[in-house]
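A.B. asks: Quick one, fold the following:
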Amino acid sequence: MQADTREVMPALAFDVAALARYLQESLPEAGGSWQVSQFQGGQSNPTYLLRDAQGRRYVLRRKPPGELLPSAHAVDREFRVMRALGATEVPVPRVRLLCLDEQIIGTAFYIMDYVEGRIFWDPLLPGLQPPERAAIFDAMNRTISSLHRVDPDAVGLGDFGRPGQYIARQVARWTQQYRASETEPIPAMDRLIDWLPGHIPPGEQRGIVHGDYRLDNLVFHPSEPRVIAVLDWELSTLGDPLADFAYHCMAWRLGPGQFRGIAGGDLQALGIPLEQAYVARYCERTGRAPIAEDAWEFYMAFNMFRIACILQGVLARALRGNASSAQALDAGRRARPLAEAAWEQVERAFGA
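C.D. replies: Residues are numbered from 1 along each chain as shown. Model (predicted):
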């Protein structure tokens, strides 16, 4: 994680002395005075860089203060899944402690090791050569394939989510979250809410899903095209791996201004694989049969809807003043165009 930090935003500040007293007991290997800064980016759980007196670095991730949507900002789930995956091929930071006592710094939090590496924010990867881009994309594909091959029961996550009907529950959950954070009518969202439940493909599988797997939630080795840490597990659960992978692949359907997409770029010249080839490689790595076209198009529309719901929540938090990013208002305003893009996807693929 590159130390791209700033001073802590006043609305997200906490009592550093109280944290230091707590860590003296709970993290005895670290000690002395603490310096705290806030990582840039991120729209959900505020994330901070901690430096102790010996220069050792840790990362603190907490629930944001203020009124929150039900079941959102689940730092305890992030902690649990990263701890469980620590012994697998999936690269995750080492987690140190989880604190659910809101009296310490005002909200629940956990602490993990700082991972030194590269984070790429632009999926078109400016500044890299075509072979380097190809290797970065292949590393992303390999890592999500490794995650989807993990047996949840074997790593103690057999109860990490409810069994069956993942997509139906996701549509219902995000509909509820959207309604709870709705700030103005968006007709495309209303159409999606009506259409999605009746068109869920059969054959849902079960596995650990990240929920927000994309380039900027990955830390790459400082010089090699290798993922060394997957971050931001807030939305992880047991669910359909295909839905998780389709979310990741939406970058091929969206432009750079919509949600860090790559649509419209000369991918072959850039060294970036085309969507069909990328999907085929994932199927090979996971042992999955080729994906039916209708199912794939549904998952694309569903995930665009899901992002629009997330962005609507970002907008609502920004308007309430407890968003974790100074850019939250601009990000939240993308909810409407993304919902409209999702409905256009439905019309184009299904003639709805």
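A.B. asks: Tell me which residue is most central in this protein.
C.D. replies: Nearest to the mean C-alpha position of the chain, by C-alpha atoms, centre = their mean, lies Asp212 at 2.6 Å.
A.B. asks: can you pull the contacts of that one?
C.D. replies: Taking C-beta atoms under 8 Å, 6 or more residues apart in numbering as the criterion, Asp212 is in contact with Asp232, Glu234, Leu235, Tyr247. The way it works is simple: take the backbone N, C-alpha and C, and place the C-beta from them, glycine included.
A.B. asks: ranges for the strands of the stretch 101-250 of the chain?
C.D. replies: With DSSP state E, counting those that start in this stretch as the criterion, the stretch 101-250 of the chain has strands at 109-113, 207-209, 218-220, 227-230, 237-239.
A.B. asks: looking at those, which is buried most?
C.D. replies: A comparison of the strands of the stretch 101-250 of the chain by mean neighbour count, using mean count of other C-beta atoms under 10 Å, puts strand 207-209 on top with a mean of 25.
A.B. asks: Looking at that strand now, give me its mean pLDDT.
C.D. replies: Per-residue pLDDT over strand 207-209 has a mean of 97.
A.B. asks: Out of the contacts of Asp212, grab the one that's most surrounded.
C.D. replies: Neighbour counts for those (other C-beta atoms under 10 Å) peak at Tyr247, which has 24 neighbours.
A.B. asks: My guess is it contacts Arg306. True?
C.D. replies: Yes. The criterion here is C-beta atoms under 8 Å, and Tyr247 meets it with Arg306 at 7.2 Å.
A.B. asks: follow-up on the earlier one: would you list the strands of the stretch 101-250 of the chain in CSV and tack on distance to Thr183?
C.D. replies: Putting those into CSV (distance: least, C-beta to C-beta, whole Å) gives the following:
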stretch, distance to Thr183
strand 109-113, 28
strand 207-209, 28
strand 218-220, 31
strand 227-230, 32
strand 237-239, 27
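A.B. asks: Find me the pLDDT at the residue nearest to the centre of the chain, would you?
C.D. replies: 92.
A.B. asks: Just name whatever secondary elements the helix or strand bottoming out on mean pLDDT in the chain is in contact with.
C.D. replies: Among the helices and strands of the chain, helix 328-332 carries the lowest confidence by mean pLDDT, DSSP states H and E, at a mean of 72. For helix 328-332, the elements it packs on are helix 293-320, judged by 3 or more C-beta pairs under 8 Å, 6 or more residues apart in numbering; DSSP states H and E.
A.B. asks: ok, now which ones touch Gly127?
C.D. replies: With contact set as C-beta under 8 Å, 6+ apart, Gly127 has no partners.
A.B. asks: Quick one: low-confidence residue ranges for the stretch 101-250 of the chain.
C.D. replies: For the stretch 101-250 of the chain, not a single residue meets the criterion pLDDT under 70.
A.B. asks: how's this protein carved up into domains?
C.D. replies: Annotated domains of the chain cover 5-113, 130-350 [automatic domain parsing].
A.B. asks: Mind putting these into CSV with distance to Phe120?
C.D. replies: As requested, the domains of the chain are exported to CSV (distance: least, C-beta to C-beta, whole Å):
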stretch, distance to Phe120
domain 5-113, 12
domain 130-350, 5
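A.B. asks: To Pro123, which of the ones you listed lies closest?
C.D. replies: When those are compared by C-beta to C-beta, domain 130-350 sits nearest Pro123, at 4.9 Å.
A.B. asks: How much space separates Glu182 from Asp101?
C.D. replies: 33 Å (C-beta to C-beta, to the nearest Å).
A.B. asks: When these two are compared, which one has more neighbours?
C.D. replies: Legend: neighbour count by other C-beta under 10 Å for Glu182 and Asp101, higher for Glu182 (16 against 10).
A.B. asks: what residues are up against the more buried one?
C.D. replies: Residues near Glu182 by C-beta under 8 Å, 6+ apart: Gln312, Ala316.
A.B. asks: ok, it to Met189 distance?
C.D. replies: Look at Glu182 and Met189: by C-beta to C-beta, they are 8 Å apart.
A.B. asks: For these two, list the residues in contact with both.
C.D. replies: Gln312.
A.B. asks: Ala84: which of the strands of the stretch 101-250 of the chain is closest?
C.D. replies: For Ala84, the closest of the strands of the stretch 101-250 of the chain is strand 207-209, at 8.5 Å, according to C-beta to C-beta.
A.B. asks: All good on my end, thank you.
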